[in-house]
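In: Just need the structure, nothing else, for what follows:
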Amino acid sequence: IHPDAGGPHRDVLLDRLMREARATSMLCSAHTVSLYDFGITDDGAFFTVMELLDGLDLRSLVEAHGPVPPGRVVHLLRQICESLAVMAPEARTPAAAVDGRGDIYGLGCVAYYLLTGALVFDEPHPMDMMLAHRASPAQAPSGSAPAPLPEALDAAVLRCLAKEPEA
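Out: Prediction:
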């Protein structure tokens with residue numbers, strides 16, 4: 001990440017990146033990319049050294065082939081859940097007061113994208129996108145999917161995208 005990234009909030013950005021890198025480096029799952037090293041270069045750029053994998057990331061998969069069939073999505077989500085079950089990266093930091101609910105919401109976003117080829121919220125500006133994720137109800141993926149979805153999968157994705165943490 002370029003030394004000028006973050007502007008006046010650079011220290012906050014670097015602190016967050018360092019915390020996330022520390023937590024991620026402690027994860028060990030067959031379904032998680034290994035993080036070998038991270039830090040700040042002499043010229044102030046933040047860097048990470050990660051395991052190199054050959055293949056497509058999920059965004060590239062969807063961009064190249066369109067929405068993913070429901071059965072394949074469930075297969076991918078199970079692998080993600082298996083990785084998350086080793087505990088969320090942020091929960092590995094001593095001062096963290098978190099649980100897996102943020103990861104569940106993120107999982108719902110990934111599932112929605114895989115099933116529909118669209119983002120849960122497609123706002124023009126990052127702040128609008130954050131506000132939508134915080135307050136706007138998500139539409140069922142079945143409304144945007146190119147093919148019918150199993151009702152249970154549609155409901156599970158919506159439950160992951162619930163705004164109330166208790167839900």
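In: hey, let's count contacts and neighbours off CA atoms from now on
Out: Will do.
In: for the most centrally placed residue in the chain, what are its contacts?
Out: The geometric centre of the chain, computed from its C-alpha atoms, lies nearest to residue 106 (C-alpha atoms, centre = their mean), at 4.7 Å. Residue 106 is in contact with 160-161, counting by C-alpha atoms under 8 Å, 6 or more residues apart in numbering.
In: One more: residue 6?
Out: residue 13.
In: 10 Å instead, please
Out: 12-14 (C-alpha atoms under 10 Å, 6 or more residues apart in numbering).
In: pLDDT-wise, which helix or strand of the protein ranks last?
Out: Least confident element among the helices and strands of the chain, by mean pLDDT, DSSP states H and E: helix 10-25 (a mean of 88).
In: From the contact counts, what lies against the helix or strand just after that one?
Out: On the C-terminal side of helix 10-25, the closest following helix or strand by DSSP states H and E is strand 35-40. With contacts defined as 3 or more C-alpha pairs under 10 Å, 6 or more residues apart in numbering; DSSP states H and E, strand 35-40 has these neighbours: helix 10-25, strand 46-50.
In: Report all helices and strands that the first one contacts.
Out: The helices and strands touching helix 10-25, judged by 3+ C-alpha pairs under 10 Å, 6+ apart, are strand 35-40, strand 46-50.
In: what comes into contact with the longest one?
Out: Counting by C-alpha under 10 Å, 6+ apart, strand 35-40 makes contact with 1, 3, 14, 17-18, 21-28, 45-52, all of which sit outside it.
In: quick one: residue 44 and residue 11, what's the gap?
Out: 11 Å (C-alpha to C-alpha, to the nearest Å).
In: Neighbour count for the two, which is higher?
Out: For residue 44 versus residue 11, neighbours defined as other C-alpha atoms under 10 Å are more numerous around residue 44 (14 against 11).
In: Thought residue 123 was touching residue 131, still the case?
Out: Yes: assessed by C-alpha atoms under 10 Å, residue 131 is found in contact with residue 123 at 9.4 Å.
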